[in-house]
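J.: generate a structure from the sequence data that follows.
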Amino acid sequence: MRILVIDDDATQVEFLAHILRKEGHEVLTATSVALALIATHEESPDAVVADLYLGGPDGVDLCQRMRAMGAIGDVPFVIISGSDSPADQQRARSAGAEAYLIKPLEPQAVRAVIQGLIRG
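T.: This is a model prediction of the structure:
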């Protein structure tokens, strides 16, 4: 599975990429919504994992944009965040995110969510 990871924190991107590569996934990375949209058009990911707060348009905005993009509109989308706010979680779900993970991320939680998307 080709997974696009988006976070404005390079350390978080590498952490997630490491977990996903160990599971045999191809990982694409981006540090902004703009770069994520470019990667989406060029690489056609099978799933997306994006931070909620990206220093501008956020992960929910990105999810909404991707849902409106036709061919990739049904790509599974996971939001990660340091916020456990029910309002943020509802906003993510309303935008079409299949899952919402709260930081600090546990590798087994990331693996479980991705496995669920694959089986989905």
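J.: for the rest of this, base every contact and every neighbour count on C-alpha atoms.
T.: Fine.
J.: how many residues are close by A112?
T.: Using other CA atoms under 10 Å, A112 is surrounded by 11 other residues.
J.: element containing it?
T.: Using DSSP states H and E, A112 falls within helix 107-119.
J.: do the same with M66
T.: Per DSSP H and E: M66 is located in helix 59-67.
J.: now do that helix, average pLDDT.
T.: With pLDDT averaged residue by residue, helix 59-67 scores 92.
J.: can you check stretch 28-39 too?
T.: Averaged over stretch 28-39, pLDDT sits at 93.
J.: buried stuff in it?
T.: Within stretch 28-39, the residues scored as buried using 16 or more other CA atoms under 10 Å are 28-33, 36, 39.
J.: for the helix holding A112, which helices and strands make contact with it?
T.: Where contact means 3 or more CA pairs under 8 Å, 6 or more residues apart in numbering; DSSP states H and E, helix 107-119 is packed against helix 10-22, strand 99-102.
J.: hmm, 10 Å instead?
T.: Other helices and strands packing on helix 107-119, by 3 or more CA pairs under 10 Å, 6 or more residues apart in numbering; DSSP states H and E, are helix 10-22, strand 47-51, strand 77-81, strand 99-102.
J.: counting contacts, what elements does the helix holding M66 pack onto?
T.: helix 33-43, strand 47-51, strand 77-81, helix 86-95.
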